[in-house]
Each structure stands twice: as structure tokens, then as C-alpha cells.
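Asks: Have a look at this prediction, sequence included:
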Amino acid sequence: MSDRDTAFAAYFAARSEAMRGTAYLLCGDWHRAEDLVQATFAKLYVAWRRVNRHEALDAYTRRALVRTFVSDLRRGWFRRERVGVPAAEAPAVGGGSPEDRLVLLDALARVPPRQRAVIVLRYWEDLSVEDTARALGCSEGTVKSQAARGLQTLRGLVAPQLGEEVR
């Protein structure tokens with residue numbers, strides 16, 4: 001195995017699970033998340049000589065993941081499939097009851113894909129508005145408006161199931 005392959009394999013082993021979690025939150029399906037991560041790392045491997053010393057390798061990989069997700073949206077894959085969260089596949093997330101997490105994950109899967117991508121990057125990945133805009137290839141204003149709309153949609157979906165009023 002070459003040094004290039006060894007370095008790539010080490011990076012894949014260290015970061016693929018975190019990228020899979022992000023991909024799951026984007027698409028709502030563990031199998032599709034695996035496909036997104038596989039496609040992303042295949043693209044990364046092709047570009048590895050150019051990017052392996054990049055100080056922001058995680059950001060580069062995350063951007064490739066989001067672009068792969070958006071590309072799938074444009075091809076219509078998600079229009080043909082109902083994105084949902086099977087109860088047996090819900091990931092463990094700290095805080096709250098398991099039922100609350102399932103409600104939240106189901107609601108997140110029903111948020112429009114672009115808004116969902118912004119919510120996942122801003123609040124799950126904890127990216128800044130600037131970094132989110134860069135990852136999605138859009139303006140900072142678009143990130144802010146999509147985040148506001150996405151959170152409003154999410155609240156509207158979650159609050160009735162938890163017996164709360166929507167503000």
C-alpha cells in the first residue's frame with residue numbers, strides 16, 4: 001500500500017462514521033447515507049493528492065458530502081422515495097427521551113431538503129453562517145433565510161406531536 005493510500009485509509013477510518021451521521025441527518029435513511037458517504041469518499045480519493053495536506057480537510061469533505069446530496073436531489077432520487085425514519089434505525093442522541101428523539105428525527109426528515117441541509121450544517125455540525133454558505137454554494141443571506149424557514153417548519157411539525165403550542 002502506498003503512502004497516499006495509507007493516509008487516505010487513516011482519514012477514512014477516522015472520519016467516515018461522523019460523515020455518515022451527517023449524511024443520515026441530511027437524507028433520513030441509513031442505507032442512502034452509506035451511499036452518500038461512499039460516493040463522497042470516492043471523489044475525495046480521486047482528489048487526494050491535491051487535498052490531503054489541506055488544513056480544512058473535514059470542511060472539504062463535508063462540502064463534497066453536501067454537494068453529493070444536493071446533486072441527488074437535482075436528479076430526482078428523493079422525489080421518488082419517501083424519506084422517513086424507521087424507529088429501529090434512529091440514532092442515539094444525548095438528552096431527551098427516545099420518543100422525543102424519534103419525533104424530532106421524523107420531523108427533520110419532512111423538512112424540505114435545502115432547509116434540512118442548512119439545519120444539519122448550522123446546528124448539528126455547528127458551522128458558522130459563512131461556512132454553511134460555502135458548503136452549500138449559496139449566499140449567507142440564503143443560509144439565514146433557509147435556517148429561519150427550516151426551524152419554523154420543524155417547530156410546526158414537532159410541537160403538535162409533543163402537545164406544545166407553536167410560537
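Replies: Okay, I see it. Residues are numbered from 1 along each chain as shown.
Asks: Over to E55: give its phi and psi.
Replies: phi -70, psi -20 (degrees, to the nearest 10).
Asks: ok, it to R20 distance?
Replies: 23 Å (C-beta to C-beta, to the nearest Å). Bear in mind the C-beta positions are built from the backbone N, C-alpha and C, glycine included.
Asks: again, but for W48
Replies: 19 Å.
Asks: Name the nearest residue to V120, sequence neighbours excluded.
Replies: Of all residues not flanking V120 in the chain, L25 sits nearest, at 4.4 Å (C-beta to C-beta, 6 or more residues apart in numbering).
Asks: Surely that neighbour is in contact with W124?
Replies: Yes - look at L25 against W124 with C-beta atoms under 8 Å: they come within range, at 5.7 Å.
Asks: between these two, which one's more packed in?
Replies: Shown here are L25 and W124; by other C-beta atoms under 10 Å, L25 has more neighbours (22 against 14).
Asks: residues contacting that one?
Replies: L108, R116, V120, W124 (C-beta atoms under 8 Å, 6 or more residues apart in numbering).
Asks: swap the cut-off to 7 Å and go again
Replies: L108, V120, W124 (C-beta atoms under 7 Å, 6 or more residues apart in numbering).
Asks: Now do the host helix or strand of it, average pLDDT.
Replies: Counting by DSSP states H and E, the element that carries L25 is helix 3-27. Averaging pLDDT along helix 3-27 yields 92.
Asks: Quick check: which element contains D58?
Replies: Going by DSSP H and E, D58 is in helix 57-75.
Asks: mind listing what's buried in the next helix-or-strand element following the helix holding L25?
Replies: Following helix 3-27 in sequence order, the next helix or strand is helix 30-46 (DSSP H and E). Neighbour-count burial for helix 30-46 flags W30, R32, A33, D35, L36, V37, A39, T40, F41, L44 (criterion: 16 or more other C-beta atoms under 10 Å).
Asks: Helix 30-46 relative to helix 3-27, how many degrees between them?
Replies: Helix 30-46 and helix 3-27 meet at an angle of 150 degrees, taking axes from the mean of the first three to the mean of the last three C-alpha atoms, to 10 degrees as the criterion.
Asks: how about low-confidence regions in this structure?
Replies: 75-96, 161-167 (pLDDT under 70).
Asks: 50 - rerun?
Replies: Scanning the chain for pLDDT under 50 picks out the ranges 78-94.
Asks: got a markdown table for the contacts of L25, with secondary structure and distance to R62 too?
Replies: Putting those into a markdown table (DSSP: H, G, I helix; E, B strand; the rest coil; distance: C-beta to C-beta, whole Å) gives the following:
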| residue | secondary structure | distance to R62 |
| --- | --- | --- |
| L108 | helix | 18 |
| V120 | helix | 10 |
| W124 | helix | 11 |
